[in-house]
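Asker: Provide a 3D model corresponding to the input given below.
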Amino acid sequence: MRGFELRNHLAGPTDRRMKATVGRFALALGFLAALGAFEKRAHGQQTHQPLIADVVNSASFAPNLAPGGFVTLTGSDLAPCSEAANTMPLPLEICQTKVVITPDGRLLKLHYVSPEQINAVLPEDLNSGFHDVYVARDGVMSKARTVEIKDHAPGIFVMPCGLAAVQRWPDYQTLTLSAPAKPADVLVFYGTGLGKAEKSEAGLQLLGVPDVYLNGKSVKALGAAKHPRYEGLDVFTVELPGDLATGIANLLACYESGRYCSEVAELPVVKGATVRTFGGRLLQSGKPAKGVQFAVKGPGGSVGSYISSNNGNLLIEVPR
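Answerer: Modelled structure (predicted):
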């Protein structure tokens, strides 16, 4: 897949703020230390039992999980090393570490493991309801972490800049502040947790098409499917309306009349004007939407009027 780099989500920690560190274990007995052992036993039991602190949707970081979804486990002593999967299909064990889910003890496919974080994929045919999740490290089982599986738990991946992970079809250019969307574009969004899939005659894993809202208004969603190469990754396509105004557009993907909705995803939109950048910000010549305008010193000390997005990432220059 060109443009958007998924390595941060699929081959390493989902959030750069979470840094994998190898756990160190105190050695009480001198002869064990001399042997270089990394565990001790107290009353015949190992002391490095994995601890699961949370299980969340890898895109939204909310506790919203669905069958086939990409999930992130955080905690301590989850694995004895940091390692990413290097094969497809994904393995069920990495670095002597497994993730198990009830009721029938199935193993989750693993993208990445570390002492503090595991990225995994839930089974596709998992039933909705409450399930217990365990981590098994070197044969030592964690305590159960109870999670709720829902029919749908849509989450949209976000890039480090805060914008949605989205590409323009058919060239698959990643949208950024310097390469925004335009009205009537067809966009491909990357997320997870859209729900169970059905195989088509062409072999694609088709998903139920979400209801998509842009700035609170319904827009046309064209289709949804499992990504053909990256397990746990879902994609859905949207056709933008032709009258979309310049600015930051807020998008929601929902199922069952709003019962299950994603977090708000932001994408930059420019209507019929030339784009230029300054200082990491997008300066757009054109007439902005009404409101939130203010004067600010621009390049070379010039004063102009600007409109900002709700997260401050986008500045649109207003001609004087």
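
Asker: Identify the bridge partners of residue 75.
Answerer: Here residue 75 sits in beta bridges with residue 52, going by DSSP bridges.

Asker: who's in contact with it?
Answerer: 50, 51, 52, 53, 54, 116, 117, 135, 142 (CB atoms under 8 Å, 6 or more residues apart in numbering). Every C-beta, even on glycine, is put in place using the N, C-alpha and C of the backbone.

Asker: could you list every residue that touches the fourth one?
Answerer: When you say that, I think you mean residue 53. So residue 53 contacts 74, 75, 76 (CB under 8 Å, 6+ apart).

Asker: Closest to residue 165 out of those residues?
Answerer: residue 74 (21.0 Å; CB to CB).

Asker: what's the burial count for the closest one?
Answerer: 20 (other CB atoms under 10 Å).

Asker: and if you look at residue 103?
Answerer: 11.

Asker: the helices in the protein, which residues?
Answerer: Using DSSP state H, the helices of the chain run over 7-10, 30-35.

Asker: which stretch in these is the model least sure about?
Answerer: Here the lowest mean pLDDT among those goes to helix 30-35, at a mean of 26.

Asker: Columns distance to residue 218 on top of the contacts of residue 75, output as TSV?
Answerer: Below are the contacts of residue 75 laid out as TSV (distance: CB to CB, whole Å):
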residue	distance to residue 218
50	44
51	44
52	39
53	38
54	33
116	41
117	37
135	41
142	43
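
Asker: okay, the residues you listed in JSON lines with distance to residue 129 and pLDDT next?
Answerer: Converted to JSON lines, the contacts of residue 75 look like this (distance: CB to CB, whole Å; pLDDT from 0 to 100):
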{"residue": "50", "distance to residue 129": "24", "pLDDT": "97"}
{"residue": "51", "distance to residue 129": "24", "pLDDT": "98"}
{"residue": "52", "distance to residue 129": "19", "pLDDT": "98"}
{"residue": "53", "distance to residue 129": "22", "pLDDT": "98"}
{"residue": "54", "distance to residue 129": "19", "pLDDT": "98"}
{"residue": "116", "distance to residue 129": "28", "pLDDT": "98"}
{"residue": "117", "distance to residue 129": "26", "pLDDT": "98"}
{"residue": "135", "distance to residue 129": "21", "pLDDT": "98"}
{"residue": "142", "distance to residue 129": "21", "pLDDT": "97"}
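
Asker: The residues you listed, buried ones only, as a ChimeraX selection?
Answerer: Entered in ChimeraX, the line below selects the buried ones among the contacts of residue 75, by 16 or more other CB atoms under 10 Å:
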select :50,52,116,117,135,142
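
Asker: picking up where we left off before, quick check, nearest of the contacts of residue 53 to residue 149?
Answerer: For those, the nearest to residue 149 is residue 74 (18.4 Å; CB to CB).

Asker: Next up, the contacts around the closest one.
Answerer: 18, 52, 53, 54, 56, 116, 117.

Asker: Kindly indicate which of those lies nearest residue 260.
Answerer: residue 56 (15.4 Å).

Asker: Quick check on the residue lying closest to residue 113 once chain neighbours are set aside: phi, psi?
Answerer: Distances taken as CB to CB, 6 or more residues apart in numbering place residue 79 nearest to residue 113, at 4.0 Å, with adjacent residues excluded. Main-chain torsions, residue 79, degrees, to the nearest 10: phi -150, psi 160.

Asker: Pop the domain breakdown of this structure in here.
Answerer: 7-149, 155-271 (automatic domain parsing).
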